[in-house]
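S.K.: got a predicted model here, sequence first, then my questions.
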Amino acid sequence: MKTYNIITYGCQMNEHDSENIAGLLEAMGYTHEDDAFKADVTVINTCSVRDNADKRFFGVLGQFKKVRKNNPDFVLCVCGCMPQQPHIVEKINKQFSWVDIVFGTQNIAQFPQLLEQRLTTGRRQRAIVDNNPVITEDEMKPKRMYRHKALVNITYGCNNFCTYCIVPYTRGREKSRVMSEVVREIECLAQDGVKEVMLLGQNVDSYRDPAGHSFADLIKAVNDIDGIERIRFMTSHPKDISDEMIDCFRTCDKLCHNIHLPVQSGSDRILKRMNRHYDTARYLEIVDKLRAVCPDITISTDIIVAFPGETEADFEETLNIAKRVRYDSAFTFIYSPRKGTPAASFPEQIPDGIAHKRFDRLVDVMNSISLEKNLEYKDKVYDVLVEGVSKNADDAYAGRTDGFKLVNFTSDRKPEDIIGTTVKVRITESKTFSLEGVEV
Ligand code: 5AD
Ligand code: SF4
């Protein structure tokens, strides 16, 4: 029996691509091997959104040299966002000769063929296209990471060209899947026992299928699917979010009371230079509307500090908007220049020392707000969809509230009786990044 392993970096798009790749390998008769260094075929699904992802990737590639030396039949594959950049493929070809197969984000369906060719001819395989017009999702049979929840692509690619971001170059132009096909996929998932779906797109709010259906139309259609209990989506873009979509938080009972709404910066001047197409007044108007329609909505965000040209005053404005919105949680990043993006050649790059100081100040503010928010949960009872055994303790379970708060809790029930079900949990302790509780 031949075995495979997949190492996945980056976002949920990549996670879902890896589920599809796993599905393809299993259809070819491969079985999963936990150790990437012992498998017959290892796939590294890469991310290039920030520089640290690049560095980690090349480090890992280096470690596989020995594996190949000891086992000439071993097949090493690289896919994801890194090989969408010609200079990266060149580097792999020159410095990492033990990489057998390289394929792009839009060539996943070709992978079985590439693997066959590699195995029969022994030759290196490369397949990277920029804008594959064929969306192959409907032919995929993903091997899902979770039984009760599933990732579902609704759009591919991105047209927004935020000046810091590599994604429009690595994932190509935006394409929306046909609504009826997305609905059919989710109906099948529901029949398979899936209770929660996460609708995925770089900018879900610009979803528009060939028949003219909007993202709000899609949410309403998914809300009608029997068996589905929770609908989530990511990522929203403040420039495209519609009032009709916001109203779905009132009209669609399965839509979770949670939104990830990246603000990126609290300075209008920087937002302009980022090419974000909204200002802080518009952003705050959206937040107020969301809270008016759905008072208990939880809000998370992404923030970049030390974008080229960011002054102390710009940064203070970021701190201000964070305090004004009071985010439940935030992903904070130090700006990382990405080759080929406009901002990488902006002249006023911020020195590392200043960047790190601002980053630490922002994290302190964000964490204290998160903790304050989580303290409001103490002694109250919430519905928690149980995801599995807790990472922290064997005798505890982990799950999420409707608002996406991570809850570690104790229960007398056996894993097979509780995982994948929704239970009532009383919160006994609030931490910065999670809650603790007991089943009631
Ligand atoms: N540097 C730092 N952060 C970045 N992000 C995207 N590109 C960069 C970059 N070059 C962040 C943004 C985005 C999140 C997924 O990653 O905040 O929302
Ligand atoms: Fe990148 Fe902006 Fe597209 Fe998001 S919307 S993927 S940040 S270019």
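M.R.: Received the coordinates, thanks. Ligands and ions are numbered 1, 2, ... in the order given.

S.K.: only C-alpha atoms from now on, for both contacts and neighbour counts.
M.R.: Fine.

S.K.: now do the longest helix belonging to the chain: which elements does it pack against?
M.R.: Counting residues, the longest helix found in the chain (DSSP state H) is helix 352-375. Applying 3 or more C-alpha pairs under 8 Å, 6 or more residues apart in numbering; DSSP states H and E, we find helix 352-375 packed against strand 298-305, helix 312-325, strand 329-334, strand 422-430.

S.K.: switch to 10 Å and redo it
M.R.: Contacts defined by 3 or more C-alpha pairs under 10 Å, 6 or more residues apart in numbering; DSSP states H and E place helix 352-375 against strand 298-305, helix 312-325, strand 329-334, strand 422-430, strand 435-439.

S.K.: and the angle for it with helix 312-325?
M.R.: Using axes from the mean of the first three to the mean of the last three C-alpha atoms, to 10 degrees, one finds that helix 352-375 and helix 312-325 are set 10 degrees apart in direction.

S.K.: and the residue of the chain positioned farthest from its centre, how far from residue 43?
M.R.: For the chain, the largest distance from the centre (C-alpha atoms, centre = their mean) belongs to residue 121, which lies 36.2 Å off. The gap separating residue 121 from residue 43 is 19 Å, by C-alpha to C-alpha, to the nearest Å.

S.K.: now do residue 112
M.R.: 12 Å.

S.K.: of the two, which one has the most company?
M.R.: Each of residue 112 and residue 43 has its neighbours counted (other C-alpha atoms under 10 Å); residue 43 has more, 24 against 15.

S.K.: using the three-state scheme, assign the more buried one.
M.R.: strand (DSSP: H, G, I helix; E, B strand; the rest coil).

S.K.: that older thread, per-residue pLDDT, the residue farthest from the centre of the chain?
M.R.: As predicted, residue 121 sits at a pLDDT of 94.

S.K.: how about it, what does it touch?
M.R.: If you count contacts by C-alpha atoms under 10 Å, 6 or more residues apart in numbering, residue 121 has none.

S.K.: how is the protein divided into domains?
M.R.: Per automatic domain parsing, the structural domains of the chain span 3-127, 146-256, 260-375, 381-439.

S.K.: make JSON lines out of those domains and add distance to ligand 2.
M.R.: Conversion of those to JSON lines gives the following (distance: least, C-alpha to the nearest ligand atom, whole Å):
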{"stretch": "domain 3-127", "distance to ligand 2": "8"}
{"stretch": "domain 146-256", "distance to ligand 2": "4"}
{"stretch": "domain 260-375", "distance to ligand 2": "7"}
{"stretch": "domain 381-439", "distance to ligand 2": "21"}
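
S.K.: for residue 139, find the nearest of those.
M.R.: Checking these against residue 139 by C-alpha to C-alpha gives domain 3-127 as the closest, at 8.2 Å.

S.K.: how about the closest one and ligand 1, any contact?
M.R.: Yes - interface with ligand 1: domain 3-127 contributes 49, 50 (C-alpha under 6 Å from any ligand atom).

S.K.: quick one: low-confidence parts of the stretch 51-200 of the chain?
M.R.: Counting by pLDDT under 70, the stretch 51-200 of the chain contains low-confidence ranges at 130-136, 138.

S.K.: let's go with 50 and repeat that
M.R.: For the stretch 51-200 of the chain, no stretch is flagged by pLDDT under 50.

S.K.: what residues does the longest helix of the chain touch?
M.R.: Contacts of helix 352-375 (C-alpha under 10 Å, 6+ apart): 298, 300, 303-307, 310, 312, 315-316, 318-320, 322-323, 325-335, 349, 405, 427-435.

S.K.: quick check: residue 230 touching residue 254?
M.R.: Yes - at 4.9 Å, residue 230 counts as touching residue 254 under the criterion of C-alpha atoms under 10 Å.

S.K.: list residues touching both of the two?
M.R.: Shared contacts of residue 230 and residue 254, defined by C-alpha under 10 Å, 6+ apart, comprise 196, 222, 223, 402.

S.K.: narrow these to those in helices?
M.R.: Using DSSP H, the shared contacts of residue 230 and residue 254 in helices are 222, 223.

S.K.: now the closest residue to residue 151 other than its chain neighbours: how far from ligand 1?
M.R.: Once flanking residues are discounted, residue 151 sits nearest to residue 198: 4.9 Å by C-alpha to C-alpha, 6 or more residues apart in numbering. To ligand 1, residue 198 is 16 Å away according to C-alpha to the nearest ligand atom, to the nearest Å.

S.K.: what's around residue 198, how many residues?
M.R.: Residue 198, neighbours per other C-alpha under 10 Å, totals 17.

S.K.: can I get the helix or strand harbouring it as PDB, trimmed to CA atoms?
M.R.: Assigned by DSSP states H and E, residue 198 belongs to strand 196-200. Coordinates of the C-alpha atoms in strand 196-200 are reproduced here as PDB (Å, rounded to 0.1, in the frame of the first residue of the first chain):
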ATOM      1  CA  GLU A 196     -21.600  23.700   9.700                       C
ATOM      2  CA  VAL A 197     -20.300  25.200   6.500                       C
ATOM      3  CA  MET A 198     -17.700  27.900   6.000                       C
ATOM      4  CA  LEU A 199     -18.200  29.700   2.700                       C
ATOM      5  CA  LEU A 200     -14.700  30.700   1.400                       C
END
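
S.K.: how about residues contacting that strand?
M.R.: Outside strand 196-200, the residues that reach it (C-alpha under 10 Å, 6+ apart) are 12-13, 16, 147-156, 182, 186, 189-190, 218-219, 222, 227-236, 254-256, 385, 420.

S.K.: ditto for stretch 54-64
M.R.: 7, 9, 36-37, 42, 44-48, 74, 76, 78, 82, 88, 91-92, 95-96, 98-99.

S.K.: gap between it and the chain center?
M.R.: With C-alpha atoms, centre = their mean, to the nearest Å as the basis, stretch 54-64 stands 21 Å off its chain's centre.

S.K.: what residues sit buried inside that stretch?
M.R.: 57, 61, 64 (16 or more other C-alpha atoms under 10 Å).

S.K.: relative to residue 411, which of those is nearest.
M.R.: Once C-alpha to C-alpha is applied, the member of the buried residues of stretch 54-64 that ends up nearest residue 411 is residue 57, at 39.7 Å.

S.K.: doesn't residue 388 fall inside a helix?
M.R.: No - Residue 388: not assigned to a helix; according to three-state DSSP it is strand.
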